[in-house]
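Q: need a 3D model of the following:
(2 chains)
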Amino acid sequence: MTAMWVFLAIFGEAIAPFDPLGTPEDVLNRLESPSADNWFGTDQLGRDVFSRVLAGARQALTVALAATALGTVVGTFLGLLVGYFGGLVDDIIGRILDAFLSIPLVITGMIALTALGPNTLGVIIVIGLVFAPLIAKTVRAAVLAERQLDYVSAAQLRRERPLHIMLVEILPNVINVIIVEFTVRLGYAIFVVLALSFLGFGVEPSVPDWGLSIADHYQFLTNDIWWPVLFPAAAIASLVVGINLLSDAIAQAFEQ
Amino acid sequence: MNKRERQQVDAIRRKSNEIQNHVIDELEAGKISRREFIRKGTLVGLALPFAGIIAAACSDDDAATTLAGATTTTVAGATTTTAAGVTTTQPAGPTTIRVGMNPGPAVGIEPVLINDEIGLAAFGQTAQYLVFSDAELNAVPVLAESWESNDAGDMWTFFIRPGVTFHDGSPLTAEDVAATFNGPIAGGNAASAYGTFGVEAGSAEVVDDLTVRFTLSQPSGAFPFFVSSDNYNAGILPKSFWDSYTEGSYEQSFIGTGAWINDSYDPGVSAVYLKNEDYWGDNSNQPDRMEVTFFANEAAAVTAFQDDQIDVIHRLSASGGAALIEDPSNTVQSISTAQHRQIYFDTLTPPFDDKRVRQAMALMLNRPLLIEGLLGGFGSVGNDHPIWPVYPMWNPDAVPQREQDLAQAQSLLDAAGYSDGFTAALDTLEFNEVPDLAQLVQSSAAQLSNVDLTVGVYDSGTYYGDYWLAAQSSMGIVNYGHRGVPNVYLGAPLLTPVEQGGVGTWNASHWANSDYDALFDQFVTSPDLETQRGVAGQIQTLLNDEVPFIVPYYLDFISVLKPNYTGFETTGMGHYIAVNSGFTG
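A: Predicted coordinates for the structure are as follows:
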């Protein structure tokens, strides 16, 4: 399932039967139900929903991947830092991270995006930075266990610099934890990315975005116009389930 | 015209001033229609019976004058009644009518601050105006029984209707009128209608108990509209109210002279009104009770209508209300209005500092397609100036309708040095079909060579606060509500902007043109319709050529009623009158 969406993220726009961005003339075919021409029907500007669902995979996966990668890099570094040094560093940075985590994730994202303005780069940065403390705590726990081991003490005796010990000695030994954390966070990131765009804090209106599509069309559900909502929602569900299954598989593989 | 009619007209002419006689001249010369004469004549203070006599005497021509402003159409089988010609129905016994509106009043029901359609409609149930600007652009006497101007048109006298009382039983006097116009609403809230109509503070003077005189700093032939419901902040309230006014105090009393007395109000949720038994007008058919529900969004209002929780939705968009509009069992009322969207350009910075680029953007739009696709056909094309073709002063010969021409648009871009295209930001607000319009402008621009627009859509607070008049948007789309005369459209958004030393407080395009400023002065001081139409023609031509903003279309005002509910009238501005509404069957 995940492989299918990755494939569509790369080739979806190329194989889409219509231009996902549509043309001005499309508006005359607005909200048409699924048919042989438009398998998933058309949206309120007459654009082909099937083409926009295919093209939306790239938007969802690109933004979520970039945001999760950013969060993982920053979170890993913070986790290594507080886990390795412990003591006062752990107390200060740890409490700051705790305070940050006490604010609901979507609320934090909305406030930050209100300040930054709704754009893709802003979404990536905001979600990345919001995820960083979560990942940092996981990495910290793994580093705390590692720093007690002899190879770390040996490196310290060799008078290697702390940065070198963290990145060269400890990091390779906690990489499994980081990879599992990355895949878990990726599933969450997709949800957050699409929740923010649903709430109007994500991408610009014409971009084929699943969350935005649901937000733009859920008002029509009472009029039995379900297709511009159902198909993007099904796409979100299948991608998130796919990534979660992948995450479980990776975790099991590392455990073995 | 027979001899007797000639004598009647001559007698009326002798009692009329120079401006009134000029309007009669225009009718007799065939320069204006009977309908325009009635409108213009009452506007300059000709009593309606006199105007009727003159119009009847000149009735040989123009017998088939069509209604302007109101339309009668059939939409997908649904009966559409005229807003102006609604047939009222006698309600049987005590009745309650249920009105749905969306959203709630933006700034509450606050006479000084109101600047939205819902707020003004709610205010208009309890408060009334000197003059009502109706759906056909007539200035209808309400609390002013009649009015007249001096020959110069810079002094207007309004004669207050005797026998009118406020809801607390106190009589309406000229003191109340003067206190209204000279009081807090004249305090400079630029966002309100009052701020743009520019009725000068202190200009209202009490002549006697029932006479008020306004002295203007410059002549105006349309002044009755300045004190009408178009100037929606100017509901007449008691002097005692204004003497102790504080922001929000109106919601403590809801006092006014209107046919409805407020019984309860839950801000943003609902309001209940009861029939005013002491109303000055004929309200014998008025329902006993009116329940108004404010819905958070259009979808909620549509669902409530379908669930039979309300009898009418005051206003619907064509897209959001499609399910109700297309249901043949509902009654759909639509009236043409001057409400329009302005797609403005930052004329100070590239690429839109070159008018050829602005012209290219205007040429790329397929306007009939926008009306059909975005408005479901409930609209009419615009021609990149805000003088609505239904206005009497609109000049049909000034400039041809702009049509889509992509080849010409591209050649204009090439000539302006943008053959390789450009990128620009188009920022607008979340309001009805406006985000969709922005996307269609974007996809239309994409048909030109490498023209890439980035669309930003914001809530109204963010948009008006950070983008509208700020210099950070290359393009934007803003909404302008209906007005009985185009003075507001031609003033604040187009006169030389404040930051450049002018008085254009709403000039989002930052466009400054001294020729235009001079034409505007001529327009507002034109003594007669023919002169004004000539100036309007020059304005239409200039704006169509300069394109500080695109006017893609004018929108109809759509209401949907239950099939057994009739007599609900609206205006393009958003006011509604339910006094004579009721149920059949």
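
Q: what residues does B:Leu46 make contact with?
A: B:Ile12, B:Ser16, B:Gln20, B:Val23, B:Ile54 (Cβ atoms under 8 Å, 6 or more residues apart in numbering or on different chains). The C-beta positions use only the backbone N, C-alpha and C, and glycine is treated the same way.

Q: apply 6 Å and report the result again.
A: B:Gln20 (Cβ atoms under 6 Å, 6 or more residues apart in numbering or on different chains).

Q: would you say it is within a helix?
A: No - using DSSP: H, G, I helix; E, B strand; the rest coil, the assignment for B:Leu46 is coil, not a helix.

Q: what residue, apart from its backbone neighbours, is nearest whatever residue of chain B ends up closest to chain A spatially?
A: Chain B approaches chain A most closely through B:Gly373 (3.0 Å), counting by Cβ to the nearest Cβ. Nearest residue to B:Gly373, sequence neighbours excluded (Cβ to Cβ, 6 or more residues apart in numbering or on different chains): A:Val27, at 3.0 Å.

Q: show me the residues around B:Ala122 that make contact.
A: B:Pro105, B:Ile109.

Q: before we move on, what SS does it have?
A: helix.

Q: give me the buried positions along stretch B:448-464.
A: B:Leu448, B:Val451, B:Leu453, B:Val455, B:Gly456, B:Val457, B:Tyr458, B:Thr462, B:Tyr463, B:Tyr464 (16 or more other Cβ atoms under 10 Å in any protein chain shown).

Q: so B:Ala186 makes contact with B:Ala201?
A: Yes - using Cβ atoms under 6 Å, B:Ala186 is in contact with B:Ala201, at 3.7 Å.

Q: comparing the two, which residue is more hemmed in?
A: Just comparing B:Ala186 and B:Ala201: by other Cβ atoms under 10 Å in any protein chain shown the higher neighbour count belongs to B:Ala186, 21 against 14.

Q: tell me the spacing between the more buried one and B:Thr525.
A: Between B:Ala186 and B:Thr525 the computed distance is 22 Å (Cβ to Cβ, to the nearest Å).

Q: what's the weakest-modelled helix or strand in the chain?
A: I'll assume chain A. Lowest on mean pLDDT, DSSP states H and E among the helices and strands of chain A sits helix A:105-116, with a mean of 78.

Q: my bad, the chain I had in mind was chain B
A: helix B:193-197 (a mean of 65).

Q: how far off centre is the helix or strand following it?
A: For helix B:193-197, the succeeding helix or strand toward the C-terminus, using DSSP states H and E, is strand B:204-208. Relative to the centre of its chain, strand B:204-208 is centred 28 Å away, using Cα atoms, centre = their mean, to the nearest Å.

Q: what does the stretch 151-256 of chain A put close to chain B?
A: A:Glu204, A:Pro205, A:Ser206, A:Gln219, A:Thr222, A:Asn223 (Cβ under 6 Å from any Cβ of the partner chain).

Q: in strands, which of those fall?
A: Using DSSP state E, the subset of those located in strands is empty.

Q: quick one, which of the residues you listed are buried?
A: Looks like these have A:Glu204, A:Pro205, A:Ser206, A:Gln219, A:Asn223 buried, using 16+ other Cβ under 10 Å.

Q: may I ask which two of these are separated the most?
A: A:Glu204 and A:Asn223 (26.3 Å; Cβ to Cβ).

Q: which of the buried residues of stretch B:448-464 come close to chain A?
A: Of the buried residues of stretch B:448-464, the ones that also sit near chain A (Cβ under 6 Å from any Cβ) are B:Val455, B:Val457.

Q: mind putting the buried residues of stretch B:448-464 in a markdown table, secondary structure included?
A: Below are the buried residues of stretch B:448-464 laid out as a markdown table (three-state DSSP):
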| residue | secondary structure |
| --- | --- |
| B:Leu448 | coil |
| B:Val451 | strand |
| B:Leu453 | strand |
| B:Val455 | strand |
| B:Gly456 | strand |
| B:Val457 | strand |
| B:Tyr458 | strand |
| B:Thr462 | helix |
| B:Tyr463 | helix |
| B:Tyr464 | helix |
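
Q: could the buried residues of stretch B:448-464 go into TSV alongside pLDDT?
A: Listed next are the buried residues of stretch B:448-464 as TSV, based on pLDDT from 0 to 100:
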residue	pLDDT
B:Leu448	94
B:Val451	95
B:Leu453	95
B:Val455	92
B:Gly456	89
B:Val457	88
B:Tyr458	85
B:Thr462	82
B:Tyr463	87
B:Tyr464	84
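
Q: now the chain, which segments are flagged as low pLDDT?
A: Using chain A here. A:117-118 (pLDDT under 70).

Q: that's the wrong chain, I meant chain B
A: Looking at chain B by pLDDT under 70, you get B:17-19, B:31, B:35, B:39, B:42-43, B:47-49, B:59-93, B:188-193, B:195-198, B:585.

Q: quick one: B:Val381 and B:Arg367 touch, right?
A: Yes - contact criterion Cβ under 6 Å: B:Val381 and B:Arg367 qualify, at 4.5 Å.

Q: quick one, longest helix in the chain?
A: All of this is about chain A. helix A:49-85 (DSSP state H).

Q: you looked at the wrong chain, it should be chain B
A: Every helix in chain B considered (DSSP H), the longest is helix B:529-546.

Q: so how many other residues sit close to B:Phe345?
A: So B:Phe345, with other Cβ under 10 Å, has 29 neighbours.

Q: contacts only, for it.
A: Neighbours of B:Phe345 in contact, by Cβ under 6 Å, 6+ apart: B:Phe352, B:Arg358, B:Met475, B:Ser509.

Q: which of those residues lies closest to B:Glu145?
A: B:Ser509 (42.2 Å).

Q: what is the neighbour count of that closest one?
A: So B:Ser509, with other Cβ under 10 Å, has 26 neighbours.

Q: surely it and B:Pro548 touch.
A: Yes - the pair B:Ser509 and B:Pro548 passes the contact test of Cβ under 6 Å, sitting 4.1 Å apart.

Q: next, show the common contact partners of those two.
A: Common neighbours of B:Ser509 and B:Pro548 (Cβ under 6 Å, 6+ apart) are B:Thr347.

Q: thinking again about what came up before, contacting residues for the residue nearest to B:Gly373?
A: A:Leu45, A:Gly46, B:Gly373.

Q: filter those residues to the buried ones?
A: By 16+ other Cβ under 10 Å, the contacts of A:Val27 give A:Leu45, A:Gly46, B:Gly373 as buried.
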